[in-house]
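Enquirer: From the sequence below, what's the structure:
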Amino acid sequence: MAAILLAESVTVRFGGVTALKDVCLRVEKGEFLSLIGPNGAGKTTLLNTITGIVTPEKASLKLGNKDISNLSTHKRIQLGLALTHQIVRPFRSMTVLENVAFAAGFKKLRNIFPSLITLNRSPEKKKALEFLEMVGITQYKAQQVSKLPLGVLKRLEVARALAIEPQILLLDEPLAGLNSQEAGKLADTIKSISKQGMTIVMIEHNLSEVLRVSDRLHVLDNGKDLAQGDPRVVMSKPEVRTAYLGVQ
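Expert: Numbers count the residues shown, from 1 in each chain. A predicted model of the protein is given here:
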């Protein structure tokens, strides 16, 4: 199968520190891939390079058959990349519904003039409701986000990313900060989204949930590729257990 996302020879340096060295990541359409590794392995740097937030020393990046290596971040988003962050950053002056509706209307915002003369926001609100239902927080639609717990905000972050209708959903530690029950439920929600056909790349340290929901693992260590493949097979490899778990 042709990759929907292909990152090759990704090398990133920050001053004298090499964060990534010749990393290669391949993602097939419709798969749920988890990107794991110890702290400092380069996972977030890799996703930030793919989205254009970080400029690499060298890299070949393709989304489908389109070379995105030299495109700006907003162009990459328009072509189908969506990234959520570990630290959620919603618009706190808006309601939950307004946050997602704003994201759903991003295509109108490509051109400021049509967005100013188009007063009807009902299509975006209708879409927003669909995504809130998908992540299970419809009951919070009218609430201000400043009053909501972290578990709801994490789901809102996913809903906002889905609202731009990406080809690939990139998730940076969506379960971080959640208790075991909340983490399990959100992992189930993300898996359900994957089963509906969404391609997902997830960074996550909650290994039990990673193993439970992922189709495939890609392991980084010290900025280099270490292993990839079936989750159980990958985690049985001595080099992975040593790097990631600190055991033989």
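
Enquirer: if I pick the residue most central in space within the chain, what's in contact with it?
Expert: The residue lying closest to the centre of the chain (C-alpha atoms, centre = their mean) is residue 170, at 1.7 Å. Residues in contact with residue 170 (C-beta atoms under 8 Å, 6 or more residues apart in numbering) are 47, 50-51, 81-84, 200-202. Using the backbone N, CA and C atoms, a C-beta is placed for each residue, glycine as well.

Enquirer: Might one say that residue 57 is in contact with residue 10?
Expert: No: judged on C-beta atoms under 8 Å, residue 57 makes no contact with residue 10 at a distance of 9.0 Å.

Enquirer: between these two, who's got more neighbours?
Expert: Neighbour totals were compared for residue 57 and residue 10, and residue 10 leads with 26 against 13 (other C-beta atoms under 10 Å).

Enquirer: for that one, phi and psi?
Expert: phi -80, psi 120 (degrees, to the nearest 10).

Enquirer: Let's see stretch 203-214 as PDB, backbone CA atoms only.
Expert: Extracted as PDB, the C-alpha positions of stretch 203-214 are listed here (Å, rounded to 0.1, in the frame of the first residue of the first chain):
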ATOM      1  CA  ILE A 203       2.500  10.000  21.000                       C
ATOM      2  CA  GLU A 204       1.700   8.500  24.300                       C
ATOM      3  CA  HIS A 205       3.500   7.300  27.500                       C
ATOM      4  CA  ASN A 206       0.600   5.300  28.800                       C
ATOM      5  CA  LEU A 207       2.000   2.000  27.600                       C
ATOM      6  CA  SER A 208      -1.000  -0.200  28.700                       C
ATOM      7  CA  GLU A 209      -3.400   1.900  26.600                       C
ATOM      8  CA  VAL A 210      -0.900   2.100  23.700                       C
ATOM      9  CA  LEU A 211      -0.700  -1.600  23.500                       C
ATOM     10  CA  ARG A 212      -4.400  -2.000  23.800                       C
ATOM     11  CA  VAL A 213      -5.500   0.300  21.000                       C
ATOM     12  CA  SER A 214      -2.700   0.700  18.500                       C
END
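
Enquirer: List the contacts of that stretch.
Expert: By C-beta under 8 Å, 6+ apart, stretch 203-214 touches 32-36, 43-44, 47, 171-176, 183-184, 187-188, 190-191, 194, 202, 217, 231-232, 235, 244-245.

Enquirer: List the ones among these that fall in helices.
Expert: 43-44, 47, 183-184, 187-188, 190-191, 194, 231-232, 235 (DSSP state H).

Enquirer: Buried ones only from those residues, please, as a ChimeraX command.
Expert: Typed into ChimeraX, the next command selects the buried ones out of those (criterion: 16 or more other C-beta atoms under 10 Å):
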select :43,44,47,183,184,187,190,191,194,231,235
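
Enquirer: Tell me the one among the ones in helices among the contacts of stretch 203-214 nearest to residue 122.
Expert: Ranked by distance to residue 122 (C-beta to C-beta), the ones in helices among the contacts of stretch 203-214 are led by residue 190 at 28.5 Å.

Enquirer: I'd say that closest one and residue 171 touch.
Expert: Yes: when contacts are counted by C-beta under 8 Å, residue 190 is listed as touching residue 171 (7.0 Å).
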